[in-house]
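**Q** 3D, please:
(chains A and B)
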Amino acid sequence: MSTVYFLIVVVLVLTAYFLGARKASGAVAGGRGEWHSLPAYHGLFSASAVFIPMLALYAIMAPLAASYIDSAALSQFDPALVAEPLQRGALMRDASALAAGQYAGAPTPELQAAANSLNSTRVVTSWLILIIGCLAGLGAMQYARTRISPAFRARNSFEQITTIVLLACSAVAVLTTIGIVFSVLFETLRFFSKVSPIDFLFGLQWSPQTAIRADQVGSSGAFGIVPLVAGTFLITFIAMLIAAPTGLFAAIYMAEYASPKIRSIIKPILEILAGVPTVVLGFFAALTVAPLIRGWGEQFGLTVASESALAAGIVMGMMIIPFVSSLSDDVINAVPQALRDGSYAMGATKSETIKRVVLPAALPGIVSAMMLAMSRAVGETMIVVMAAGLAANLTLNPLEAVTTFTVQIKTILVGDQEFDSAKTLSAFALGFVLFFFTLILNFIALRVVQRYREQYD
Amino acid sequence: MDASTRTPTLSHNPRILAERETKIVAHDVNVYYGEKHAIKDLSIDIPDRAVSAFIGPSGCGKSTFLRSINRMNDTIPSCRVTGDILVDGKNIYDRDLDVVQLRARVGMVFQKPNPFPKSIFENVAYGPRIHGIAKSKADLEEIVVSSLKKASLFDEVKDRLDHSGTSLSGGQQQRLCIARAIAVNPEIILMDEPCSALDPIASARIEELIDEIRQNYCIIIVTHSMQQAARVSQLTAFFHLGDLVEFGDTDEMFTTPKDKRTQDYITGRFG
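**A** Numbering: from 1, shown residues only, chains lettered A, B, ... in the order given. Next up, the predicted model:
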C-alpha cells in the first residue's frame, strides 16, 4: 500500500510541476514583461508544495497507524497477558502469522479475533493514509496554482524551500548522533545503578563475569576500567609512536620532495593501505607480527606474550599511517607557495624552509591529523581483538598481553546476553567512556585548528 | 668593456651608468619554460646604488628576468637559463656558486606580501638566524630593530613585535617583507611588482621607502605602473615579447623614447 502511496506522490509532483510551469508560461504568451520568475520556478514551487506535505504526512501517519493496529489487535486478548512485554511480543507474532495465513497450530478464538482485527485495521488505516495524503497533495497543488501570478516570486520561494530541505538533511546526521549518545547514556545509567561510578572509573580490576545463577561460584564481577584505559592507551601510544613520525615524514616527502610522477604512484598505494580491511590487518598482526616479535624477544631472553600489546600497536600504527600522511600531505600542500618562495629568496635551503616555515604554518592541520588518527586508533576493534588478547593486565610493559575498551565491548556483547545483568550493561558504560575519549580528542583537534589557523585569503 | 657593445638593443647610453659602478651584467641571456622562449638574447648592465625599473606588457619576460638574478627560477622544474649573469663580475650560473649564499646577497620582495606566519620579530630575524649573522641575542635584536627602522615600519610596530606578521595591514606586511630582506644585508634587492596588491597610500609609502634606501642598494623593480617607474627609478628598461627593447635614463625614456614600441606602450596604445 505504501508503494501505491509513493507512486501517487510521484504522479502528483510531476503533474504539479507541469501544471505550474504551463500556467506560468501560457500566461506569458503576450511577452515575459512583468513576470518575476521563469516558468520552471513556478513548476518547481508547485512540485515542492505537493511533495513536502505528502512526505511529511506519511512520516507522521505511518507510525501512528502502526501503533493503532497493534493496540487494536492486542485489545482482543486478556489485559493481564498483554501487560507482560515478552508475552505481548509473542502474541503479536502469532497474530501476524495467522493474519498472513502462516500459523501452524489451531488458533484460539482470541488469536483469531486479533488476526481479523489486524487484517481489517491494516486495510482501513492504509486507505485512510492514502486518502488524506492525496487530499493534502491536491489541496497543495491547488494552493500553489492560485499563487502563480506575474508578481509571485517563485524563484525566491524555491530558494527558501531548498535551504530548508538542505537543513533538514544535515539535521538528520546531528539527530542521529544525539540519538546514539542518549541510547548509550541510558544504558550506562542503568549500569551505574548496579555498579558505583567510582568503582568503575577508578577500580584496578576488570573481570566482568557475574553469577547468573545464585549457586555459581567464582564470578563476583569486578568493573574497574583502569586496566582497560592503560591497555588502550598503551596500544594507542605504540601506534602513534610508529604512525606519527612515519606518516609525517612520508607526507613531507610527498608534498615537498617527490616529483609529480613518484607522488602519483605513492599516494594511491598509501590510500590502498588505508583501505585494507582491519580484519585482514588483524590476522596479519596475530599470525605474522606477533610470532615474529615473540621470536625476537626470545633471542634476547625476554618473555613475550603471544598476544602482545607491541604486536597490536605496531600493526595499528601501520593502519593509521595513511591517515596521518594523507591529511598532513593535504595541509602541507595548502601552505601557500609564496611562503616557500619568501624563504628561498632569503637564502634558506629546502630543509630549513620546511622546518622553519612550512611545518610551523601547517602545524595546526598536522596536530588535528594526529588527533583524528589517534581517535581512530582508540576506537579500532578488529586488530586488537585478534592481536591484543583478553587478559585485563594492568601493565605498561608492551610485551605483555593487554586488553582494550573495544575488545571488552565486543567480548561482552558477542553471544547470548541477559540485558539486565551488570556484565552486559558494562559494555554500554565502556562504549560511553570510549565515545567520551574520542569526542575529547576530536574537540581538541578542532580547537587547535580554529585557534591557530592562519588565514591565507 | 663598453656597455653599448654588449647591449645591442640599447638605443642610447644611459648617462647614469657612466656615473655609477655596474653591479649586474647580463650577457646573451635566454630563458625557456619548457618549449616557451621567455627571454631572448638579453644583455643589460645594471648600476649599483640606483633604482632600475622593468616595465612592459604582461608576459613580456620582465619578472622572469628578475627571478633569474637570484635564481628563483631554479624552483620551477621546466625552467632553463642560458647565457651569463654576472654579479660583481662573478657568474651566478657557475657550477661552484652556492645559490643559498647568492640569495643572501640578492634579496627579493614579492608581488603579494608574504610574511611568514610568525611574529613580526621572528619574520625579520629569520634571515639573520639561518645565515648565522647575529653573534648574540642583543645583536639579533639590534639587527631586527634597525631593519624595521630602515623599512620605516618600526614606529608602527614597536609595541607589538610579538604579534603575528600576518596581523598587519597589506602595506605594513609589504614593508615587513622589505625589512626581512634588508636584515641579511643584501647588496641587491629585487622587487616584483611590490605595490600591485596595495592601495595608493600604502603604495606611496613603499615608493618613499624605495627612494630612501636606494643610496645603499642596487634595486630592481618590476612594475605595471609607468607612473611608478617614472617616480621611483633612475633607469628604465622596456621589455616586449621577451626582448629588451630599450634601456635608458628614466626621464629620457618617458620624454623621448627611441623605439616605436616603447612610445606606443608609454602612451597607452597597447599593454
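**Q** near chain A, which residues of chain B?
**A** Contact residues, chain B versus chain A (CB under 8 Å from any CB of the partner chain): B:70, B:72, B:75, B:77, B:100-104, B:107-108, B:110, B:112, B:114-118, B:126-127, B:130-131, B:164, B:166, B:177, B:180-181, B:184. Glycine gets a C-beta too; all of them are placed from N, C-alpha and C.
**Q** restricted to strands, list these.
**A** Using DSSP state E, the members of those that fall in strands are B:107-108.
**Q** just the residues of chain B next to chain A: which are in helices?
**A** The members of the residues of chain B next to chain A that map onto helices under DSSP state H are B:100-104, B:126-127, B:130-131, B:177, B:180-181.
**Q** now which of those residues would you call buried?
**A** B:100, B:102-104, B:126-127, B:130-131, B:177, B:180-181 (16 or more other CB atoms under 10 Å in any protein chain shown).
**Q** and the nearest residue to A:S328 once chain neighbours are set aside, which of the three is it?
**A** Closest residue in space to A:S328, ignoring its immediate chain neighbours: A:A251 at 3.6 Å, by CB to CB, 6 or more residues apart in numbering or on different chains. Using DSSP: H, G, I helix; E, B strand; the rest coil, the structure places A:A251 in helix.
**Q** for A:A251, the count of nearby residues, please.
**A** A:A251 has 25 neighbouring residues, counting by other CB atoms under 10 Å in any protein chain shown.
**Q** does it touch A:N333 like I think?
**A** No. Contact criterion CB atoms under 8 Å: A:A251 and A:N333 do not qualify, at 9.1 Å.
**Q** if we can go back for a sec, which one of the ones in helices among the residues of chain B next to chain A is nearest B:G89?
**A** Nearest to B:G89 out of these is B:L102 (CB to CB; 13.8 Å).
**Q** residues from chain A in reach of chain B?
**A** Near chain B, when you scan chain A using CB under 8 Å from any CB, you find A:259, A:336, A:338-349, A:352, A:356-357, A:360-361, A:454-455.
**Q** quick check: beta-bridge partners of B:F238?
**A** In this structure, B:F238 bridges to B:I55, B:E246 when assessed by DSSP bridges.
**Q** tally of neighbours for it?
**A** When neighbours are counted by other CB under 10 Å, B:F238 comes out with 28.
**Q** circling back: could you identify the most distant pair in the ones in helices among the residues of chain B next to chain A?
**A** Checked with CB to CB, these reach their widest spread between B:Q101 and B:C177, with 20.7 Å between them.
**Q** please parse chain A into its domains.
**A** A:2-155, A:222-452 (automatic domain parsing).
**Q** deepest of those, which one?
**A** With neighbours taken as mean count of other CB atoms under 10 Å in any protein chain shown, the domains of chain A reach their highest mean count in domain A:222-452, at a mean of 19.
**Q** return the distance of that one from the chain's centre.
**A** 19 Å (CA atoms, centre = their mean, to the nearest Å).
**Q** tell me the mean pLDDT for that domain?
**A** For domain A:222-452, mean pLDDT rounds to 89.
**Q** could you tell me the end-to-end distance of that domain?
**A** Domain A:222-452 has its terminal residues 44 Å apart, counting by CA to CA, to the nearest Å.
**Q** residues contacting residue 24?
**A** In the absence of a named chain, this looks at chain A. Taking CB atoms under 8 Å, 6 or more residues apart in numbering or on different chains, we find A:A24 in contact with A:35, A:37-39, A:41-43, A:148, A:154.
**Q** nope, chain B please
**A** By CB under 8 Å, 6+ apart, the neighbours of B:I24 are B:44-46, B:69, B:85-87, B:188, B:218, B:220.
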